[in-house]
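Engineer: Next come a sequence and a model predicted from it.
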Protein chains: 2
Amino acid sequence: MSLDGNGGPNALDRLVTLFSRLPGVGKKSAGRMTYHILDGDPSYARTLAEELAGLHRTIRRCSNCGSFTETDPCPICSDPGRDHSVICVVERAQDIRIIEEAREFHGLFHVLGGLIAPLEGMGPDNLSINQLVSRLRRDRVTELILALNPTVEGDTTALYLQKILRDFPVEITRLASGLPVGGDLEYTDRLTLSRSFRGRVKL
Amino acid sequence: MSLDGNGGPNALDRLVTLFSRLPGVGKKSAGRMTYHILDGDPSYARTLAEELAGLHRTIRRCSNCGSFTETDPCPICSDPGRDHSVICVVERAQDIRIIEEAREFHGLFHVLGGLIAPLEGMGPDNLSINQLVSRLRRDRVTELILALNPTVEGDTTALYLQKILRDFPVEITRLASGLPVGGDLEYTDRLTLSRSFRGRVKL
């Protein structure tokens, strides 16, 4: 680490430290990113700075589905061309992006904000299950597709949802196997994801 | 890609695109980084934005050695505790960081700004060789350590420097093998780098 005139880390080191807090970015990658920016056109750093500075002001949560959006409700929830009778339940907002890229699903989404994991202190109350129940009460929803990772937490959450939604006139399905067990939605290729949508099984 | 109300990519997509221009960052990694920032404390995004906005204003090139620095000359060039009679010649400014971390070298540095690579249009005139010659003329330098990658371009540059500096009363050495041939300084572990400093051979 280099020091500035006052004995503190300099601007370059501070940026390396900040970048290395991002997921999947180690200290060496953070260094390469920083030097790449320093070596490059200052307009890139300026644009990136502006986007970051405005990010949390511009992007909020959709009050209906919980996805990240610039408008509320989000473009998906407010699109009359989508099938409002089917809701795909996902763990995190970024799962929506991955599913949208597969272009297999044309209904709405619901972001749970996590999965039930008692050992990590994540219970049903930490998830947006009440909001999901409100949507089922308010809207004419015929099918709920659980697009949760095929892990212990995903299975637990699916079972819990199945139990508490038993009395609703809604069919609950879950993405077909095809996702590798123990894997992560995010690393699934488009074709496998499409296939698992088509082969989803009724719970 | 999601669209904003006006049909353009939204702030989230713009940030993903910007991040994916960084070295070693693909579209999926860029997505993970963006959602991590969105999910996290807004103060992180704000701090990162401020550091990026000020980066090119705060960090400049040292007029003596060519490294990135907040003060000119840089802390290394202006440190009386370092050995000013030995100059370690590196390809890029980031190589200094890697060598400093090995804590084996206590002299000064000189950043060439590249290596001779005729096929890529990089000739001696594109490198800071004149500045190096000026330093040798002005300062009492007894040894020049070439810490260049053991590649064709590194070998060519080392040979070229050896030739044009033949008449200077300076010993020219090169980092010992120990660096894997065809490899990159940046990926060398600290011990291997230390060993290659100790075993440097006279050209």
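Structural biologist: Thanks, I have it.
Engineer: drop to CA atoms for contacts and neighbour counts, all remaining ones
Structural biologist: OK.
Engineer: Which part of chain A gets nearest to chain B, residue-wise?
Structural biologist: Using CA to the nearest CA, the closest approach of chain A to chain B is made by A:Ala49 at 4.0 Å.
Engineer: And that residue, which helix or strand is it part of?
Structural biologist: Under the criterion of DSSP states H and E, A:Ala49 resides in helix A:42-58.
Engineer: and the strand ranked longest in chain A, anywhere near chain B?
Structural biologist: Longest among the strand segments of chain A by residue count, using DSSP state E, is strand A:83-90. No - residues of strand A:83-90 are not located near chain B by CA under 8 Å from any CA of the partner chain, the shortest gap being 14.6 Å.
Engineer: Just the buried positions in that strand, please.
Structural biologist: For strand A:83-90, burial by neighbour count (16 or more other CA atoms under 10 Å in any protein chain shown) applies to A:His84, A:Val86, A:Ile87, A:Cys88, A:Val89, A:Val90.
Engineer: Over to stretch A:127-142?
Structural biologist: Neighbour counts over stretch A:127-142 (16+ other CA under 10 Å) mark A:Leu127, A:Ser128, A:Ile129, A:Gln131, A:Leu132, A:Arg135, A:Leu136, A:Val141 as buried.
Engineer: any idea which of those is closest to B:Ile96?
Structural biologist: The closest of these to B:Ile96 turns out to be A:Leu127 (CA to CA; 48.2 Å).
Engineer: can you give me phi and psi for the closest one?
Structural biologist: Here is the backbone geometry of A:Leu127 (degrees, to the nearest 10): phi -100, psi 160.
Engineer: same check, this time on A:His110
Structural biologist: The phi/psi pair for A:His110 (degrees, to the nearest 10) reads phi -140, psi 120.
Engineer: Does it touch A:Arg92 like I think?
Structural biologist: No - A:His110 lies out of contact with A:Arg92 (CA atoms under 8 Å); the separation is 9.0 Å.
Engineer: of those two, who's got more company?
Structural biologist: Using other CA atoms under 10 Å in any protein chain shown, the more surrounded residue of A:His110 and A:Arg92 is A:His110, with 28 against 20.
Engineer: Please read off the pLDDT at that one from the model.
Structural biologist: For A:His110, the pLDDT comes out at 98.
Engineer: What's the separation between A:Met115 and A:Phe109?
Structural biologist: Met isn't right for residue A:115; it's Leu. Counting by CA to CA, to the nearest Å, the gap from A:Leu115 to A:Phe109 is 16 Å.
Engineer: who has more neighbours, those two?
Structural biologist: Set A:Leu115 next to A:Phe109 and count neighbours by other CA under 10 Å: A:Phe109 wins out with 27 against 24.
Engineer: Strand partners (parallel or antiparallel) of the helix or strand containing the more buried one?
Structural biologist: Take DSSP H and E as the rule and A:Phe109 turns out to sit in strand A:107-111. For strand A:107-111, the paired strands and their directions (DSSP bridges) read strand A:83-90 (parallel).
Engineer: hmm, back to that, of the buried residues of stretch A:127-142, which ones also sit close to chain B?
Structural biologist: Among these, no residue lies close to chain B (CA under 8 Å from any CA).
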